[in-house]
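Provided below are the primary sequence and the corresponding predicted coordinates.
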Amino acid sequence: MTINEITVGQFQAVYSIQKGTGDELDKITDMVAILTGRTAAEVDDMSLSEFNTVSREIRAMLENPLPEAKPKRIIKAGGKEYGIIYEPGKLRAGQYVEYQGWIKGDIIENLHLIMASI
């Protein structure tokens, strides 16, 4: 499992779990569920060796810095293609106002809203 294989929603959920309170076992259990698409009950039913393997992959992924990548001009989501405008001067006024509001908060938590705005 690599950071390039997870969705924005999964990234945001894992980020939220990391920031939260609670013990590390509960956090990693929740992360395993999110990143494998399993329910909490399914994670509880995993063999210990499989759980440990997936947990190690997740920890390794989170310990590495985010990879550097060039911004994409077009992204695909839900079978549709969307163009992204990175230059603020090219945004419509409404887009710019929305964007400014979202970046004042937590960038990761608002990432999906920021992307929808631009």
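Cool, the structure landed.

Assess the claim that Thr2 and Ile58 are in contact.
No: using Cβ atoms under 8 Å as the test, Thr2 is too far from Ile58 to be in contact (10.8 Å). Every residue, glycine included, has its C-beta placed from N, CA and C.

So for the two, which sits in the more crowded spot?
More crowded of Thr2 and Ile58, by other Cβ atoms under 10 Å: Ile58, with 19 against 10.

Run through the neighbouring helices and strands of the helix ranked longest in the chain.
Looking across the chain with DSSP state H, the single longest helix is helix 48-63. Using 3 or more Cβ pairs under 8 Å, 6 or more residues apart in numbering; DSSP states H and E as the contact test, the elements touching helix 48-63 are helix 8-19, helix 24-36.

if I've got this straight, Ile108 is in a strand?
No: remark: Ile108 does not belong to a strand; assigned using DSSP: H, G, I helix; E, B strand; the rest coil, it is coil.

okay, the nearest residue to it once chain neighbours are set aside: pLDDT?
Taking Cβ to Cβ, 6 or more residues apart in numbering as the measure, Ile108 lies nearest to Tyr15, with 4.8 Å between them; neighbours along the chain are not counted. Taken from the predicted model, the pLDDT recorded for Tyr15 is 91.

Count the neighbours of Tyr15 for me.
When counting by other Cβ under 10 Å, one arrives at 15 neighbours for Tyr15.
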